[in-house]
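I need the structure of the sequence given here:
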Amino acid sequence: MRILLTGKNGQVGFELQRALAPLGEVIAVDQHDCDLANPDAIRQLLARVQPNVIVNPAAYTAVDRAESERELALAINGGAPGVFGDEAARRGALVVHYSTDYVFDGVKDGAYSENDVPNPQSVYGKTKLAGEQALQASGADHLIFRTSWVFGAHGGNFAKTMLRLAAERDGLKVVADQFGAPTSAALLADVTAQVLGCYKREGGAGFPFGLYHLVAGGYTSWHEYAQTVVRAALSAGKSLKLTADQVLPITTADYPLPASRPSNSRLDTHRLRQTFGLELPVWQSGLDHVLQQIL
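This is a model prediction of the structure:
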């Protein structure tokens, strides 16, 4: 395989460099190598690299800022996947792309499946859905992995923010009425490599391309997630100004933000597990692994 990987310095891109290495040659790029808001730059990159697999974790992820930077978010999240798809269809390449729980409105009682109708409530969610649709419409062989609440040892994320704030403040208030599965970048990378390994061995017209939900097992709230991080840090001997009991629950209404968040971000992974014979570890397992690294 000759694999073009975008977003090499992001949480998922960093882990993908490790996970994809055994499958072939990985050409990893970041925004300095290619401006994904520029379709011509993407086409020039593909002409230069000549990949047969394109893995695209790069995205505009500033959820609140997207409300005022709609055009830039749409170019990167909505336009670039379509360009990758059009070029891949022409070249006979595969595109692997990552999407988000934000394509849903969060009002469903249970976990969302791939068959549920998206209804994004933020600019970020709308642009990510546009990217899914553009890639699907391109006619290219593709895999789309929707995920949620991504964290890793590399890059910024909620867990690292909680550790920093817990070392600075005597108390914290964290939203307790939004639910999802914290998913490690390492898990996303490892599952991607497993699926691409299957494609390398068995790829062809019968390969199960398409849309899959990919998150860790179980679910939690942001509040419980924060308490778990604090407990782990204290158990590891880290000096903090507060205990887990001093992380207090609040509602979404108590902490208004420019962009709407889905209150229910639970994603059903049955299709992925059934199709590729995978078991997905619970979210606490991935969090423990990352906290061991950063603590």
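
Flag the shaky bits of the stretch 151-295 of the chain, pLDDT-wise.
Regions of the stretch 151-295 of the chain meeting the criterion pLDDT under 70 are absent.

At which residues are the strands of this structure located?
2-5, 25-28, 53-56, 94-100, 141-147, 150-151, 172-175, 179-180, 183-184, 210-213, 220-221, 247-250 (DSSP state E).

in the stretch 101-250 of the chain, which spans are helices?
Applying DSSP state H, counting those that start in this stretch to the stretch 101-250 of the chain gives helices spanning 123-137, 158-168, 185-202, 222-235.

thinking again about what came up before, please render the strands of the chain as TSV that adds mean neighbour count and distance to residue 165 to the earlier fields.
Yep, even glycine has a C-beta here, placed from its N, CA and C like the rest. Converted to TSV, the strands of the chain look like this (neighbours: other C-beta atoms under 10 Å; distance: least, C-beta to C-beta, whole Å):
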stretch	mean neighbour count	distance to residue 165
strand 2-5	22	32
strand 25-28	17	32
strand 53-56	26	32
strand 94-100	26	24
strand 141-147	23	24
strand 150-151	24	15
strand 172-175	19	6
strand 179-180	23	20
strand 183-184	26	21
strand 210-213	20	30
strand 220-221	19	17
strand 247-250	18	9
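
I'd like these written out as TSV, with distance to residue 277 added.
Converted to TSV, the strands of the chain look like this (distance: least, C-beta to C-beta, whole Å):
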stretch	distance to residue 277
strand 2-5	23
strand 25-28	25
strand 53-56	21
strand 94-100	19
strand 141-147	16
strand 150-151	24
strand 172-175	36
strand 179-180	25
strand 183-184	19
strand 210-213	13
strand 220-221	26
strand 247-250	38
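
Would you mind giving the helices of the stretch 101-250 of the chain as a markdown table with mean neighbour count added?
Putting these into a markdown table (neighbours: other C-beta atoms under 10 Å) gives the following:
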| stretch | mean neighbour count |
| --- | --- |
| helix 123-137 | 23 |
| helix 158-168 | 17 |
| helix 185-202 | 19 |
| helix 222-235 | 20 |
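
Let's have these in TSV, adding distance to residue 210.
Below are the helices of the stretch 101-250 of the chain laid out as TSV (distance: least, C-beta to C-beta, whole Å):
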stretch	distance to residue 210
helix 123-137	9
helix 158-168	29
helix 185-202	11
helix 222-235	30
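
Let me know which of those helices is the nearest to residue 70.
With C-beta to C-beta as the criterion, residue 70 lies closest to helix 123-137 of the helices of the stretch 101-250 of the chain, at 5.1 Å.

relative to strand 141-147, how tilted is the closest one?
Going by axes from the mean of the first three to the mean of the last three C-alpha atoms, to 10 degrees, helix 123-137 is angled at 160 degrees with respect to strand 141-147.

Phi, psi for residue 154 please.
Dihedral pair for residue 154: phi -110, psi 130, per degrees, to the nearest 10.

Residue 13 is in contact with that one, correct?
No. If you go by C-beta atoms under 8 Å, residue 154 and residue 13 don't touch, sitting 9.0 Å apart.
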